[in-house]
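A.B. asks: pasting the sequence and the predicted model now:
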Amino acid sequence: MRGRVKIERSSGNVFADLGFPKAEAENLMLRSELMSEIREIARGMTQAKAAKRFGITQPRLNDLLRGKIDKFSLDALVNMIAAAGLHVQLRVRKVA
């Protein structure tokens, strides 16, 4: 059966769009962005080598690579990036 598909414009935060409370949606979005960056940096490395670079165990890295966002706090992700010799920069702005 064919019908029209209703499409809604995204707010820019998939977690907010899914109905998470505003603060939790922001936190999840930041965590997912940091996890994506770490995943990109680890691309092409063995899990053992990437885990060493980020100062974590290989099973912990595996959780990250599998997207287990609930297992990582913002602090933990920032610490992993710092252990790799990188810097996280934060920008705060008013919501339109």
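C.D. replies: The structure has been received and is ready for your questions.
A.B. asks: can you show me the helices along the protein?
C.D. replies: Shown for the chain, the helices assigned by DSSP state H span residues 14-17, 22-42, 47-54, 58-65, 74-83.
A.B. asks: nearest to residue 91, of the ones you listed?
C.D. replies: Among the helices of the chain, the nearest to residue 91 by CB to CB is helix 22-42 (11.2 Å). The C-beta positions use only the backbone N, C-alpha and C, and glycine is treated the same way.
A.B. asks: ok, the most centrally placed residue in the chain - contacts?
C.D. replies: When CA atoms, centre = their mean is applied to the chain, the residue found nearest the centroid is residue 32 (1.7 Å). Contacts of residue 32 were listed using CB atoms under 8 Å, 6 or more residues apart in numbering, and they are 15, 69.
A.B. asks: thinking again about what came up before, and of the helices of the chain, who's closest to residue 6?
C.D. replies: Minimum separation from residue 6 across the helices of the chain (CB to CB) falls at helix 14-17, 13.6 Å.
A.B. asks: give me the helices and strands touching that closest one, please.
C.D. replies: Contact here means 3 or more CB pairs under 8 Å, 6 or more residues apart in numbering; DSSP states H and E; on that basis helix 14-17 packs against helix 22-42.
A.B. asks: any weak-confidence spans in the protein?
C.D. replies: By pLDDT under 70, the low-scoring segments of the chain are 1, 96.
A.B. asks: at 80 instead, please
C.D. replies: Per-residue confidence of the chain (counting by pLDDT under 80) places the weak regions at 1-2, 95-96.
A.B. asks: tell me how many other residues crowd residue 3.
C.D. replies: Using other CB atoms under 10 Å, the number of residues around residue 3 comes to 5.
A.B. asks: same thing with residue 39?
C.D. replies: Counted with other CB under 10 Å, residues neighbouring residue 39 total 15.
A.B. asks: pretty sure it contacts residue 62?
C.D. replies: No: with contact taken as CB atoms under 8 Å, residue 39 and residue 62 are classed as non-touching, separated by 11.4 Å.
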